[in-house]
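Visitor: Structure of the sequence below:
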Amino acid sequence: MRILLTNDDGIHAPGLKVLEAIARQFSDDIWICAPSEEQSGAGHSLTLTRPVRLRQHGERRFSVTGTPTDSVTMALKKVMPDLPDLVLSGVNRGANLGDDVTYSGTVSAAMESTLAGIRSIALSQVYAKEGAGDGVSFDATEQWGAKVLRPLIEMPFAARTLVNINFPPIAGDEVKGIRVARQGFHDYARGSVVESTDPRGYQYFWFGLHGIEHTPGHETDLEAISDGFVSVTPLQLDLTHGPSLTALAERFA
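Guide: Residues are numbered from 1 along each chain as shown. Reported below is the predicted structural model:
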């Protein structure tokens, strides 16, 4: 089985090393193509206004001066001699839960390979401590990564669907299990924008990644993580809201 690894944290990210170790439990035919620098929050963006450069770091290991989507595109069209059987994106340093998937470069990389008809899985390690930096623990991912991937690798995916996995911010031996859950929803009205002044006296703003609450009382990926489970969520690329089709058609009849 040929597996392509990518991410949005960059070619040198610790989470990518964790993902490679997990992937090698399933195959020796591992290829890596990831952004040369961190691209968190890049979403499903393509680089269109400047050239993209490809650099080789070793056998079957490449970086791209662009977005996660650029990396997958380059891997499929320029780097790999044949298409992979599976694409794994991550392991992201931080959660990709609820509607955060719309911002996520990690999930978007998996979306891009899904568009190419390849089974794709996004993986993220949630962490609880603000400003954890390079101290984020991937212990839950390391202990549960292969366990959650094994049944997924053995099953076919529905067309134009992918799977989003998040690991809770606890030690691996404290994880309660694996829970399949639907995508949750955040309350972005409570999000924060930090305002300050740089050393030269100019005002700047920094988007906060904390203080966003979610609506409790329903079984989503948000609750699964909060309860200490690995969350597994199937996502689809078709964003059409079916029930609105008829109502809109009637408006324009």
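
Visitor: Extract the residue ranges of the stretch 51-200 of the chain that are flagged as low pLDDT.
Guide: 129-133, 187-191 (pLDDT under 70).

Visitor: Show me where it has its helices.
Guide: 68-74, 105-115, 139-153 (DSSP state H, counting those that start in this stretch).

Visitor: Let's see the pLDDT reported for I212.
Guide: For I212, the model assigns a pLDDT of 52.

Visitor: quick one: pLDDT of G208?
Guide: 66.

Visitor: now the strands: where do they sit in the stretch 51-200 of the chain?
Guide: 54-58, 61-64, 86-93, 119-125, 161-167, 177-180, 193-197 (DSSP state E, counting those that start in this stretch).

Visitor: of these, which approaches V230 most closely?
Guide: The closest of the strands of the stretch 51-200 of the chain to V230 is strand 177-180. By C-beta to C-beta, the value is 4.6 Å. From N, CA and C alone the C-beta is placed, and that goes for glycine too.

Visitor: Out of the strands of the stretch 51-200 of the chain, which gets nearest to W206?
Guide: Comparing the strands of the stretch 51-200 of the chain by C-beta to C-beta, strand 193-197 comes nearest, at 4.3 Å.

Visitor: Pull the residues that contact the closest one.
Guide: 203-208 (C-beta atoms under 8 Å, 6 or more residues apart in numbering).

Visitor: same question, stretch 137-151
Guide: With C-beta under 8 Å, 6+ apart, stretch 137-151 has contacts from 14-15, 18-19, 21-22, 25-26, 88, 91, 121, 123, 125, 127, 165, 167-173, 175, 178, 230, 232.

Visitor: mind listing what's buried in the host helix or strand of E223?
Guide: Secondary structure from DSSP states H and E places E223 in helix 221-226. Neighbour-count burial for helix 221-226 flags 221-226 (criterion: 16 or more other C-beta atoms under 10 Å).

Visitor: what's the spatially most central residue of the chain in contact with, if anything?
Guide: For the chain, the residue sitting closest to the mean C-alpha position, by C-alpha atoms, centre = their mean, is T106 at 2.7 Å. For T106, the contact set (C-beta under 8 Å, 6+ apart) comprises 7-9, 68, 89-90, 92, 96, 122-124.

Visitor: any idea how far R55 is from the residue nearest to it when sequence neighbours are not counted?
Guide: Sequence neighbours aside, N92 is the residue nearest to T106 in space, at 4.2 Å (criterion: C-beta to C-beta, 6 or more residues apart in numbering). Look at N92 and R55: by C-beta to C-beta, to the nearest Å, they are 22 Å apart.
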